[in-house]
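In: generate a structure from the sequence data that follows.
(chains A and B)
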Amino acid sequence: MSWITIVWSMVTSACLTLALMHLVIWFRQRDQYAHLLLSVTAVSVAAIAVCELLTMYAQSPEQYSRIVWWEHIPVFSTAVSVVGFVRLYFNAGRWWLGYTACALRLFDLIMNFFATPNLNYKQIIGLRHLRIFDGETISLAKGIENPWIKVSELSSLFLLIFVVDATITLWQRGNRRARHRAVVIGGSMTFFLSVAAGSSALIEAGLLRSPYLISLPFLAIVLAMGYELSSDVVRAARLARQLQASEAATRESEERFRILADTAPVMIWMAGTDMLCSFFNKQWFEFTGRTMGQELGNGWSAGVHPDDLKRCLETYTSSFTVRQSFTMEYRLRRADGEYRWLLDTGVPRYVLGREFAGYIGSAIDITERRQHELESARQRNELAHLSRVALLGELSVSLAHELNQPLTAILSNAQAAQLLLAQGAADPDELPQILLEIVQESKRAGEIIRRLRVLLKKGEIHRVPLDMNQVVDNVLELIRSDLINQHVAVQVELALDPPWVDGDEVQLQQVLLNLVINACDAMAEVELTNRRLLIRTELAGSNFVRVSVTDQGCGIPPEKIDRIFDPFFTTKEIGTGLGLSVCRSIISAHGGELYAINNPGGGATLQFTLPAISQSTK
Amino acid sequence: MSSSAATVFVVDDELSVRQSLSHLLRAAGLNVAVFDSAQAFLESYDPSAPGCLVLDLAMPGLNGLELQEALAVKGSLLPIIFLTGRGDLPSGVKAMKRGAVDFLAKPVDAADLIEAVRSGIEKERVARRADAELKEIRRRLATLTPREYEVLRHVVSGKLNKQIAADLGTVEKTVKVHRARVMEKVKAASLAELVRMAQRAGI
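Out: Predicted coordinates:
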């Protein structure tokens, strides 16, 4: 067998092998058309190689021209598939260039169909036998060139321009992969297309005595295409492996999360970017007694107490839009139908710390804690009330006197009026004056009763904006006669238009009353003329109002100053020891502080602060 | 009516109480003067003006008991009726011991108050009269010579003229003359009256 036969057969089989491989790949991945186009190219090149081999061993001009006639078909399919491959694989190249090359090639094919003997030759006169280097003889045609073959050459030229253009475009994209691709495929295509087209043109022009040698440069092109595609396949395989590994890692971390979520002693939920819930843990379902299907999306909100739902959804959606974490308390129906208080905390979550992915949150049942809080608040109120009643007990003599004054005035005025009427000689101005005084004093008595009733009332805490100056005035009204009896002179220094505080009037009166009574008690041993009491309201910083009660008494022994607020600690012979401890709990509940200091010049000052509310909310 | 010349002084720190008491006492036909503190009353106090004091026990500054004490120091005869807002027994006892006319709890009934005021005024009137009588007796006694005064002491101790003459180392006739002069000087119509006058004067 001659080496020509061997070489061309190898070209053919190499092409067919490649074609088969990539066809198989294409069958597996139908969207990868590059593989199909490569297969078509390779098969076409194999066919060209077969034709070339046959022409070289042609025995007659008829046989030769017949083979050349047939050869136009694989040449056409090669051109079309190369255009398709470049366009698809490079995603570059001007379509019109490619179309023109293909159209000219189709035109060539059709012309060839009607030409005799073929489009290459008008006539083949005979065969020339050329002896090449190792004594092998090959046939060459001896004939007249068909001028229409220029169509074929023009087509090849357009193909070349198309490829060069696409290669340049690809190169200009600049990334490493694109440039590599441009060099390997674009470069080799440009070079070998030039070789194939150039040699064919020279042969057709009769300037080169050689058989057509298209298959060899095209084999190089096919190999370059195959090399690039197979590195793609390798890359894809590597990616697939990595993906698999990362999928496994993801699965493991998801599994870990699920185990964690299902064993954590809290209820966990997750929501996507659309605010719809996408996950609940086991504890959630155990609590609600519902299924994933019922809870997903907005289904969970069906279990929220109707009174809490609106507030709950507002918090949820408003936090969601600004992507802030939130904490809310609401009642959720438990499986047994009972509504339980939940403390729910939600935080936004981000993929790889960047892209917002929704929220994750946890909820715990705080019903018992709330009940304890309510219970202790109730007990605190109860205690405050009891302590208030005890306080008023201490004040009862003074209060009776306070009430006696208007009653005295009323009784005397009324009896004066009776006398005047009985005498029938009343001054016409005097009776109305007497009646007016009766009315005024009745109102005053009523006001004292009202104040007392307020203090004795065992009501709910009722916070309203309060002027502490007013509270001081009210307390002094209540305790005025007590102060007189104890010879205590009161000096009041009130801040000018102080900010208001948010407070329960009764409880704050109670605190102040307590402090004033304690101050008076502290001065029981002091000489009558030195029993001075100073009550002051002032601004402490910009956010607090401070009320201080300063006495000139014996002061507080330093070792006891920390203990006077302890429950059941008392320095008095008669006393529950609860007064100051209740006062401190009242002030704490108002967000303030109550403390005692000894004055440098003797006596003690008890003062408390309360957070001011902004002027606008007065 | 003697009480019409008398004035009721009302001292109370509370305006409404002062006014109502003033209305009431005026309606009862009494003269009334009001004061808002013990000091204010003391400043304008005229011991010669007859009347009665209606005094609040608990007041800032000088309180009721303190005013009572201050008046006692001045030798005032002014009867005091205390008013108190509370049943303060110790203060009441103290006040009554010091000669208060009455101790009334607020709110006070008109009848009680008016009666107390009237009796206070009456007492004061009596006291003033007794006081004037005593002064007159003392004035008359002061006109006696030492010898006449000596005779008077013996007469009121119930001795006979003869005994007196023996005691004084004189004759019965002389004693008789002294005795007649004493009767004339002190304007005693009878021996019984003379004895009563001497007793009033503390002899």
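In: phi first, then psi, for the residue in the stretch 51-200 of chain A positioned nearest to chain B.
Out: The nearest approach of the stretch 51-200 of chain A to chain B comes at residue A:175, 98.4 Å away (CB to the nearest CB). (Each C-beta comes from the backbone N, C-alpha and C, glycine too.) For residue A:175, the backbone dihedrals (degrees, to the nearest 10) come out as phi -80, psi 160.
In: wait, what's in contact with the closest residue to residue A:444 other than its chain neighbours?
Out: Closest residue in space to residue A:444, ignoring its immediate chain neighbours: residue A:406 at 4.6 Å, by CB to CB, 6 or more residues apart in numbering or on different chains. Neighbouring residues of residue A:406 by CB atoms under 8 Å, 6 or more residues apart in numbering or on different chains: A:441, A:442, A:444, A:445, A:448, B:16.
In: domain ranges for chain B?
Out: Domain assignment for chain B by automatic domain parsing gives B:2-134, B:143-200.
In: adding mean pLDDT, distance to residue A:458 and mean neighbour count, write these out as a markdown table.
Out: Below are those laid out as a markdown table (pLDDT from 0 to 100; distance: least, CB to CB, whole Å; neighbours: other CB atoms under 10 Å in any protein chain shown):
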| stretch | mean pLDDT | distance to residue A:458 | mean neighbour count |
| --- | --- | --- | --- |
| domain B:2-134 | 87 | 28 | 18 |
| domain B:143-200 | 86 | 69 | 15 |
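In: TSV for those domains, including distance to chain A?
Out: Shown next, in TSV, are those (distance: least, CB to the nearest CB, whole Å):
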stretch	distance to chain A
domain B:2-134	3
domain B:143-200	40
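In: what's the closest of those domains to residue A:249?
Out: domain B:2-134 (87.4 Å; CB to CB).
In: just how off-centre is that closest one within its chain?
Out: Offset of domain B:2-134 from its chain centre (CA atoms, centre = their mean, to the nearest Å): 14 Å.
In: which ones are touching the closest residue to residue A:510 other than its chain neighbours?
Out: Distances taken as CB to CB, 6+ apart place residue A:388 nearest to residue A:510, at 4.9 Å, with adjacent residues excluded. Taking CB under 8 Å, 6+ apart, we find residue A:388 in contact with A:455, A:456, A:506, A:510.
In: hmm, which of those are the buried ones?
Out: Buried by 16 or more other CB atoms under 10 Å in any protein chain shown: A:455, A:506, A:510, out of the contacts of residue A:388.
In: quick one, phi/psi of the second one?
Out: Yep, that's residue A:506 we're talking about. Taking degrees, to the nearest 10 as the convention, residue A:506 sits at phi -60, psi -50.
In: list the contacts for it?
Out: A:388, A:454, A:455, A:457, A:459, A:462.
In: same check, this time on the last one
Out: Counting by CB under 8 Å, 6+ apart, residue A:510 touches A:384, A:387, A:388, A:391, A:455, A:582, A:583, A:586.
In: what helix or strand is it located in?
Out: Following DSSP states H and E, one finds residue A:510 within helix A:505-522.
In: cool, and the first one?
Out: Taking DSSP H and E as the definition, residue A:455 sits inside helix A:430-456.
In: what helices or strands is that helix leaning on?
Out: Counting contacts by 3 or more CB pairs under 8 Å, 6 or more residues apart in numbering or on different chains; DSSP states H and E, helix A:430-456 is packed against helix A:367-423, helix A:468-485, helix A:505-522, helix B:15-27.
In: how about that helix: buried residues?
Out: Of all the residues in helix A:430-456, those buried under the rule 16+ other CB under 10 Å are A:434, A:437, A:438, A:441, A:444, A:445, A:448, A:451, A:452, A:455.
In: just give the nearest non-adjacent residue to residue B:167, would you?
Out: Closest to residue B:167 by CB to CB, 6+ apart is residue B:154, at 6.4 Å.
In: up against chain B, what does the stretch 501-618 of chain A have?
Out: Within the stretch 501-618 of chain A, not a single residue sits near chain B (CB under 8 Å from any CB of the partner chain).
In: what are the ranges of the helices in the stretch 501-618 of chain A?
Out: Here the stretch 501-618 of chain A has its helices, by DSSP state H, counting those that start in this stretch, at A:505-522, A:579-589.
In: relative to helix A:468-485, how tilted is the longest one?
Out: Interaxial angle of helix A:505-522 relative to helix A:468-485 (axes from the mean of the first three to the mean of the last three CA atoms, to 10 degrees): 40 degrees.
In: repeat that for the last one.
Out: Note on geometry: by the same axes, to 10 degrees, helix A:579-589 and helix A:468-485 are set 170 degrees apart in direction.
In: which SS class is residue A:498?
Out: coil (DSSP: H, G, I helix; E, B strand; the rest coil).
In: who touches it in this structure?
Out: Contacts of residue A:498 (CB under 8 Å, 6+ apart): A:467, A:468, A:469, A:537, A:538, A:539, A:545, A:612.
In: make TSV out of those and add neighbour count and pLDDT.
Out: Formatted as TSV, the contacts of residue A:498 follow (neighbours: other CB atoms under 10 Å in any protein chain shown; pLDDT from 0 to 100):
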residue	neighbour count	pLDDT
A:467	17	92
A:468	24	92
A:469	18	93
A:537	20	93
A:538	16	92
A:539	14	90
A:545	26	93
A:612	19	90
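In: any idea which element the most centrally placed residue in chain B lies in?
Out: Centroid-nearest residue in chain B: residue B:127, 3.3 Å away (criterion: CA atoms, centre = their mean). Using DSSP H and E, residue B:127 sits in helix B:110-142.
In: show me how far that helix is from its chain's centre.
Out: For helix B:110-142, the distance to the chain centre is 5 Å (CA atoms, centre = their mean).
In: quick check: bridge partners of residue A:123?
Out: residue A:144 (DSSP bridges).
In: residues near it, how many?
Out: 13 (other CB atoms under 10 Å in any protein chain shown).
In: in this structure it contacts residue A:142, no?
Out: No: taking CB atoms under 8 Å as the definition, residue A:123 is not a contact partner of residue A:142, at 9.9 Å.
In: so which of the contacts of residue A:506 comes closest to chain B?
Out: residue A:455 (20.0 Å).
In: what sits against the closest one?
Out: A:388, A:392, A:478, A:506, A:509, A:510.
In: turn these into JSON lines, including pLDDT.
Out: Putting the contacts of residue A:455 into JSON lines (pLDDT from 0 to 100) gives the following:
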{"residue": "A:388", "pLDDT": "77"}
{"residue": "A:392", "pLDDT": "77"}
{"residue": "A:478", "pLDDT": "80"}
{"residue": "A:506", "pLDDT": "85"}
{"residue": "A:509", "pLDDT": "88"}
{"residue": "A:510", "pLDDT": "87"}
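In: closest one to chain B out of those residues, please.
Out: residue A:478 (14.8 Å).
In: excluding sequence neighbours, find me the nearest residue to the closest one.
Out: In space, residue A:478 is closest to residue A:451, 6.2 Å off (CB to CB, 6+ apart).
In: hang on, that neighbour packs against residue A:476?
Out: No: Residue A:451 is not in contact with residue A:476 according to CB under 8 Å; the separation is 11.7 Å.
In: what is the residue lying closest to residue A:461 once chain neighbours are set aside paired to in the beta sheet?
Out: Distances taken as CB to CB, 6+ apart place residue A:504 nearest to residue A:461, at 4.9 Å, with adjacent residues excluded. The partner list for residue A:504 in beta bridges (DSSP bridges) reads residue A:463.
In: residue A:504 and residue A:377, how far apart?
Out: As judged by CB to CB, to the nearest Å, residue A:504 and residue A:377 stand 12 Å apart.
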